[in-house]
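Student: Need coordinates for the following:
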Amino acid sequence: MQNVPKGDDTAQSVSPASTTSTAVGAAAPRRRRGPGACLLVVLPAVVTLGAVFAFVSLLGDDTAAPEDREPGQAESAVSNVDRSYVPWLRKATADCVGVTPALLAAHIDQLSGWQSDSASLSELGIARFTDAGWKKWGRDDDGNGTSTPLDRVDAIMALGRQDCDLSKRMTALRTKGAVNGDLADLTLAAYAVGVDEVAEAGKVPASARLFVTEVRKRLPQYSALVRRNPEQEAGVQAGSTRLQHPVATLSVTSPFGSRKHPLTGVTKLHTGVDFDAPEGAQVSAAWGGVVEFAGMTPAYGYRVVIDHGTIEGKRLQTTYSHLSALQVSAGQSVVTGQAVGPAGSTGLSTGPHLHFEVLLDGQYTDPMAWLTDGG
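Tutor: Take a look at the predicted model:
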């Protein structure tokens, strides 16, 4: 067993999970004594029929019908899951940016394969909580009078609270430019090795990459499991809300997408769009909102982050970086077109320009899809 400190910076361990996902809520297989010689012929058929009837009885009306399955989706990924836990997965992540029900389910799968049994006496339940971790995050969420990590609903909700707290902390660090990367990956990394180690690395550290990869591998099957109807799942799309141009002329010098950084030489996602802007040119808020951050950062220089609230349940933010000065402050309300600061070349920059980002529920999107055709 590998000892790994968790996101609350207390040392816990992450137990390796089987590479084959186990059905949520399924019981661990029992060992059987060898049958007598006279049973060898009929026993396989009896056992098979018995297992089928027992499994159908366990799932009852929650068993997914074939028509509910995604095209090409393996049956074991949908119909072999106790769907009574799906509402709890949704509830645990309802007010959380960056952590989805599917991600929480995949996280539990990686920790335990959804099996309560553990080889460690110090890590209990499907979310493998220690006593210290449970004291911090555990509650009696299903109202049965007992708060315990062995209660699957309590464990789902507790891990959801922990992951959502880590997501908030990673969001704060990313807003300040202290870390960079996908919010879900940063959150999982913080769980695995601690917030401080992620902050020190400024990204997902090497020590957490395997853990993040293992959770990501399990994500597709749960994405189908927790999917709602198409209207609910689609939500707001890039371009459904039009933003005003943050600079007078949209002359793109570096688009959104993978690129080699001109200063570091590292190839990674360019999380926004670079617009050519002469020193001192006015940079304006693309939409009204509240300034979430305004300050100096090592990489982005003078940076402003505006929270525009939620659109169809999803949080929208825009960022403005490499400014030469700040004309707004954190907590200030701004209107569309209000000056946030003059363009500049502060931070890691090759010359005066605006690095502009649009984030939807903590995820980077292509800003060009959001901008109006006119100025």
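Student: any idea how the chain splits into domains?
Tutor: Here the domain parsing of the chain from automatic domain parsing is 2-26+60-234, 252-369.
Student: where does the stretch 201-350 of the chain have low pLDDT?
Tutor: Where the stretch 201-350 of the chain drops to pLDDT under 70, the residues are 225-240, 263.
Student: and His322, what is it in contact with?
Tutor: Residues in contact with His322 (Cβ atoms under 8 Å, 6 or more residues apart in numbering) are 300-303, 343-347, 349, 352-355. Yep, even glycine has a C-beta here, placed from its N, CA and C like the rest.
Student: let's see 10 Å
Tutor: By Cβ atoms under 10 Å, 6 or more residues apart in numbering, the contact set of His322 is 274, 277, 283, 297, 299-303, 341, 343-356.
Student: one step back: mind checking which of the domains of the chain is nearest Pro246?
Tutor: Proximity to Pro246 (Cβ to Cβ) singles out domain 252-369 among the domains of the chain, at 5.1 Å.
Student: Give me the nearest residue to Trp137, chain neighbours excluded.
Tutor: Distances taken as Cβ to Cβ, 6 or more residues apart in numbering put Ala158 closest to Trp137, at 4.2 Å, once the chain neighbours are dropped.
Student: scratch that, Arg303 is what I was asking about
Tutor: Among residues not flanking Arg303 along the chain, Ser321 sits closest, at 4.6 Å (Cβ to Cβ, 6+ apart).
Student: wait, that neighbour sits on Gly272?
Tutor: Yes. Taking contacts as Cβ atoms under 10 Å, Ser321 lies within contact range of Gly272: 7.7 Å.
Student: Looking at the two, which has the bigger crowd around it?
Tutor: Shown here are Ser321 and Gly272; by other Cβ atoms under 10 Å, Ser321 has more neighbours (28 against 24).
Student: distance of that one from Phe275?
Tutor: 11 Å (Cβ to Cβ, to the nearest Å).
Student: what is in contact with these two at once?
Tutor: Common contacts of Ser321 and Phe275 (Cβ under 10 Å, 6+ apart): 283, 353-356.
Student: and those, which of them are in helices?
Tutor: Within the shared contacts of Ser321 and Phe275, no residue falls in helices by DSSP state H.
Student: So how do I select the buried members of these in PyMOL?
Tutor: Buried members of the shared contacts of Ser321 and Phe275, defined by 16 or more other Cβ atoms under 10 Å, are picked up in PyMOL with:
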select buried, resi 283+353+354+355+356
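Student: Please name the bridge partners of the residue nearest to Ser324 when sequence neighbours are not counted.
Tutor: With sequence-adjacent residues excluded and distances taken as Cβ to Cβ, 6+ apart, Ser324 is closest to Gly344, at 2.7 Å. Beta-bridge pairing of Gly344, defined through DSSP bridges, involves His353.
Student: how deep is Gly344 tucked in, by neighbour count?
Tutor: Look at Gly344: counted by other Cβ under 10 Å, it has 24 neighbours.
Student: Please, where are all the strands along the stretch 251-375 of the chain?
Tutor: Ranges of strands within the stretch 251-375 of the chain are 252-254, 257-260, 267-270, 273-276, 282-284, 289-297, 301-311, 314-323, 333-334, 339-342, 353-360, 363-365, based on DSSP state E, counting those that start in this stretch.
Student: Now distance to Pro101 too, for those, in a markdown table please.
Tutor: Shown next, in a markdown table, are the strands of the stretch 251-375 of the chain (distance: least, Cβ to Cβ, whole Å):
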| stretch | distance to Pro101 |
| --- | --- |
| strand 252-254 | 35 |
| strand 257-260 | 28 |
| strand 267-270 | 25 |
| strand 273-276 | 31 |
| strand 282-284 | 37 |
| strand 289-297 | 26 |
| strand 301-311 | 18 |
| strand 314-323 | 15 |
| strand 333-334 | 33 |
| strand 339-342 | 35 |
| strand 353-360 | 17 |
| strand 363-365 | 16 |
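Student: before we move on, the earlier item: so how far is Asp307 from the residue nearest to Arg303?
Tutor: Computed as Cβ to Cβ, the Ser321 to Asp307 distance reads 16 Å.
Student: Quick check on the contacts of His322: which are buried?
Tutor: Buried members of the contacts of His322, counted by 16+ other Cβ under 10 Å: 274, 277, 283, 297, 299-303, 341, 343-349, 352-356.
Student: Format the CA atom coordinates belonging to stretch 296-306 as PDB.
Tutor: Extracted in PDB, the C-alpha atoms of stretch 296-306 (Å, rounded to 0.1, in the frame of the first residue of the first chain):
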ATOM      1  CA  MET A 296       0.000  41.000  -9.800                       C
ATOM      2  CA  THR A 297       0.900  37.400 -10.600                       C
ATOM      3  CA  PRO A 298       4.300  35.900 -11.700                       C
ATOM      4  CA  ALA A 299       3.100  34.500 -15.000                       C
ATOM      5  CA  TYR A 300       0.200  36.700 -16.000                       C
ATOM      6  CA  GLY A 301       1.500  40.000 -14.700                       C
ATOM      7  CA  TYR A 302      -1.300  42.400 -13.700                       C
ATOM      8  CA  ARG A 303      -4.400  40.200 -14.000                       C
ATOM      9  CA  VAL A 304      -8.200  40.800 -13.600                       C
ATOM     10  CA  VAL A 305     -10.800  38.000 -13.200                       C
ATOM     11  CA  ILE A 306     -14.400  38.900 -13.500                       C
END
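Student: what distance separates it from the middle of the whole chain?
Tutor: The chain centroid and the centroid of stretch 296-306 are separated by 23 Å under Cα atoms, centre = their mean, to the nearest Å.
Student: and if you look at stretch 260-279?
Tutor: Counting by Cα atoms, centre = their mean, stretch 260-279 comes out at 25 Å from the chain centroid.
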